[in-house]
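In: could you look at this predicted model? Sequence included:
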Amino acid sequence: MKQLRNNVIRAGLGALYFSGAHHLLRPLLSGVGAIFMLHHVRPAREAAFQPNRHLEVTPEFLRETLSHLRSRDIDVVSMDELHERLVQGRFERRFAAFTFDDGYRDNLDFALPVMREFDAPLTVYVASDFAEGTGRLWWAALEAVIAKAEQIDVTIGHSALRLDATTPAAKQAAYDRLHDWLRALPGEHDLQREIEALCTAYGVDMAALCRSLCLSWTELNSFAADPLVTIGAHSVSHCNLAKLAEDVAAQELAMSRARIEQALQRPVLHLAYPYGDREAAGTREFSLAATAGFKTAVTTRPGMLFAENAGHMTALPRVSLNGNYQDARILPVLTSGAATAMWNGFRRIAAA
C-alpha cells in the first residue's frame, strides 16, 4: 500500500512537471516562502531493504535544491529571520528555511558542508534523549530487527504472528505491518514495551544505535558554534505529544528546551513536533508550544507559507524533501506550491 502511494505521488509530481501546470499555478500557490523538512543527509546506500529511505537525501540532492532556490532568487534564511519576516510582513522577496529533525550526526558531516557552500542557514531540532545517547529511534531499531531476521515472531492483540522476512519485499511488508501497529498503540509506554521486546528478542541494542546515529552534546556544542546553525527542540523522548496528558506533554516541551539550553548555553526558541502530523500535533499542542515560549513550531503538515501564517506561528507547515523523490525536476514543482496545494485541497492554512 505504501509503495502504491509512493507511485501515485511520484506520478502526480511528474504530471505537474511535464504538463507545465506548476508554472501557471505558481503565482497563486507559491505563497511568500517555505520551510523545507529533512532528516538524514548522507551518501546513498545500496541495501535492497531500506524502509526509512524517505527520511534521507543525498548531499547532491541537497545541493541541487539550494542551487534551484538561488536560481529563483529565493532567500535562504534562518528560522529567526523567517519569524521576523512573517511578523513584519516583509514579503518583497520570497524566502525558504531548511530544517533537520532529530539531530543526526550526518547533518554535521554531510549537510553542513553543502549549506556552507551557499552560505545557507539551517535549523536542527534535537530530541534531548537522543543527544544523551539514551533515546529510542524505534523506526530505525525496527529496521535493524527486520534486516537481520528471516522471520519475525510477534503477538499483536491476542494473535501470535510469524512474519516472513526472507526477501527484501517480505521485509518491507513486515516493516509496514509492524510500523503501523506500533504507531497505533494507545500510549508511549506501549510502544516502548513492544519495541524493546523486539530488540531483546532479535539482538538489537537501541542505545548503541542511538549513539551511532545521533550527535552527542559535545558534538552539538561544536555544531551550534557555527554561525549558520540554529539548534531547536524536538521534545525529550520524541514522543507523540497528543497521546500524553496535557501536563506531561507540557513537561516534554519545557524540559527539552531547558536541557538543550543548559547543555549548549544558548537560547532555544524554535520547536519541531515529533511526528508532527494531525495525529501528533493539533490545537492543544500548538497552544502548549506558545505557552512554553517558543517563537515558532513546525509540523509535518505539507504547505507553503502565506501572510496568514503570521497568526499561527506554532502551527507552521513544511515541504518535505523526501528521499523517495530525489529528482531535480520536481524542485520547481515543490517551490511552485502546486503539489502541497493539491494535497491540502487548496486550503492555504491548516492550523487546527
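Out: Cool, the structure landed.

In: give me the element residue 261 is part of.
Out: Here residue 261 sits within helix 246-264, counting by DSSP states H and E.

In: what about that helix, average pLDDT?
Out: When pLDDT is averaged along helix 246-264, the result is 98.

In: other SSEs contacting that helix?
Out: Helices and strands touching helix 246-264, by 3 or more C-beta pairs under 8 Å, 6 or more residues apart in numbering; DSSP states H and E, are helix 128-132, helix 217-224, strand 229-233, helix 283-291. Any C-beta I mention is one placed from the backbone N, CA and C, and that applies to glycine too.

In: then it to PDB, C-alphas only?
Out: Provided in PDB are the C-alpha atoms of helix 246-264 (Å, rounded to 0.1, in the frame of the first residue of the first chain):
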ATOM      1  CA  GLU A 246      -1.600  17.800  29.000                       C
ATOM      2  CA  ASP A 247       0.800  18.300  31.900                       C
ATOM      3  CA  VAL A 248       3.100  15.500  30.700                       C
ATOM      4  CA  ALA A 249       3.200  17.000  27.200                       C
ATOM      5  CA  ALA A 250       3.900  20.400  28.600                       C
ATOM      6  CA  GLN A 251       6.800  18.900  30.600                       C
ATOM      7  CA  GLU A 252       8.200  17.300  27.500                       C
ATOM      8  CA  LEU A 253       8.400  20.600  25.800                       C
ATOM      9  CA  ALA A 254       9.700  22.600  28.800                       C
ATOM     10  CA  MET A 255      12.300  20.000  29.800                       C
ATOM     11  CA  SER A 256      13.600  19.500  26.300                       C
ATOM     12  CA  ARG A 257      14.100  23.300  25.900                       C
ATOM     13  CA  ALA A 258      15.800  23.500  29.400                       C
ATOM     14  CA  ARG A 259      18.100  20.600  28.700                       C
ATOM     15  CA  ILE A 260      19.300  21.900  25.400                       C
ATOM     16  CA  GLU A 261      19.800  25.400  26.800                       C
ATOM     17  CA  GLN A 262      21.800  24.100  29.800                       C
ATOM     18  CA  ALA A 263      24.000  21.900  27.600                       C
ATOM     19  CA  LEU A 264      24.700  24.400  24.800                       C
END
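
In: fine, thanks again, bye for now.
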